[in-house]
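Asks: Sequence below, structure please.
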Amino acid sequence: MFKNLFNRKSEEEQREKNELSENSKLNFFDKLKVGLGKTRKGMTDKIDNILKSYIKIDDELFDDLEEILVTADVGINTTMNIIDRLKDRVKKEKVTDPDKIKELLKSEIKNIMAESNLDNNLNIRSSPVVVLVVGVNGAGKTTTIGKLSYNLRREGKKVIIAAGDTFRAAAIEQLEEWSNRAKTEFISHSEGADPAAVIFDGIHAAKSRKADVLICDTAGRLHSKKNLMNELNKIFRVVEREYPEAEKEVLLVLDATTGQNAISQARVFKEVCDITGVALTKLDGTAKGGVVIAIQSELGLPVKLIGVGESIDDLQKFDTDDFVEAIFD
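Replies: Okay, the predicted model is just below:
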């Protein structure tokens, strides 16, 4: 009898977990849809209007679709690739109805993003982990670190933040405020201190306090490629020397509202360090969410996190299918 009661209780607990998971997924997707509202309006709504104005599929229709994708910052090369593949699908499947174009377009965008075979998951499956956060000032590094810390702490991980951006005025204070909100430990020096020294102290704090994740902010100065490389390489050398057993994640933070400028920044950072993932911020504030597609397909960089709001829990893990569905839904 007790065994049956135990089994019944276990089944009920599992059912509750499944329901919570489904609800979380639903809430996640709803928030994603809301956050991508401007992109959907600037891209999908325009596509719908274009398709309604055509009674047959011709080159002019493809030209109009191409213009919409470029305007949404999908990128010229990626757009041309998508349109070429779309034309091939239409020809191969003998599609004649413009109303069917939208589903084919959605399918090709998913395919082109998936073909790069990128891992969109943060490399935090084991402990310890060092997350080095890079990016220009104003891209949203500070808020991304705060929100990521909050998410990781909610997952039960012990997190320490090291304030390695010692050059920007008030950067340390702003990051400490986010650390307080996320209820994580914080390591800092005074303004103007050597960033590598802060990371050194952060590593030893992470070791002694048995932290799961050490998140390191870095200076966001893009005054020259050479100086940027020197600054980052010094930090990377400290991490490799002092914490060789830790898994590494080098997260590039980009501001989605800057569109193609974000692509240019990504190219520079990709040249000077080994970027393992991208966090794209402020997607809720732009109609140029197509930049996500360009980052993955043109640069071969996996988008791992996206910011779709200002709340502390609005930093979401990126999923290609969810992203495309949220834009086209």
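
Asks: Show me the domain layout of this structure.
Replies: Listed by automatic domain parsing, the domain ranges of the chain are 2-35, 129-328.

Asks: Now do the helices in the stretch 201-329 of the chain.
Replies: 225-242, 260-272, 291-299, 320-328 (DSSP state H, counting those that start in this stretch).

Asks: how big is the angle separating the longest one from helix 260-272?
Replies: Think helix 225-242. 50 degrees (axes from the mean of the first three to the mean of the last three C-alpha atoms, to 10 degrees).

Asks: Reformat the helices of the stretch 201-329 of the chain as CSV; add mean pLDDT, mean neighbour count and distance to residue 86.
Replies: Every C-beta, even on glycine, is put in place using the N, C-alpha and C of the backbone. Formatted as CSV, the helices of the stretch 201-329 of the chain follow (pLDDT from 0 to 100; neighbours: other C-beta atoms under 10 Å; distance: least, C-beta to C-beta, whole Å):
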stretch, mean pLDDT, mean neighbour count, distance to residue 86
helix 225-242, 88, 16, 37
helix 260-272, 90, 17, 22
helix 291-299, 92, 24, 14
helix 320-328, 93, 19, 14
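
Asks: just so I know, which of those helices lies nearest residue 107?
Replies: Closest of the helices of the stretch 201-329 of the chain to residue 107 is helix 320-328, at 8.9 Å (criterion: C-beta to C-beta).

Asks: returning to what we had before: can you list the helices of the stretch 201-329 of the chain in a markdown table and add distance to residue 77?
Replies: Below are the helices of the stretch 201-329 of the chain laid out as a markdown table (distance: least, C-beta to C-beta, whole Å):
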| stretch | distance to residue 77 |
| --- | --- |
| helix 225-242 | 23 |
| helix 260-272 | 11 |
| helix 291-299 | 6 |
| helix 320-328 | 19 |
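
Asks: can you tell which of these is closest to residue 61?
Replies: Of these, the one closest to residue 61 (C-beta to C-beta) turns out to be helix 320-328, at 17.4 Å.

Asks: which stretches of the chain aren't confidently modelled?
Replies: 1-26, 221-224 (pLDDT under 70).

Asks: ok, which stretches of it are strands?
Replies: Using DSSP state E, the strands of the chain run over 129-134, 159-162, 185-187, 213-217, 247-255, 277-281, 303-307, 315-317.

Asks: Among those, pick out the one with the most neighbours on average.
Replies: strand 213-217 (a mean of 28; mean count of other C-beta atoms under 10 Å).

Asks: angle of it against strand 247-255?
Replies: Going by the same axes, to 10 degrees, strand 213-217 makes 40 degrees with strand 247-255.

Asks: Show me what strand 213-217 is packed up against.
Replies: strand 129-134, helix 141-154, strand 159-162, helix 195-208 (3 or more C-beta pairs under 8 Å, 6 or more residues apart in numbering; DSSP states H and E).

Asks: For these, give me TSV that also has distance to residue 303.
Replies: Formatted as TSV, the helices and strands packed on strand 213-217 follow (distance: least, C-beta to C-beta, whole Å):
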stretch	distance to residue 303
strand 129-134	15
helix 141-154	13
strand 159-162	22
helix 195-208	25
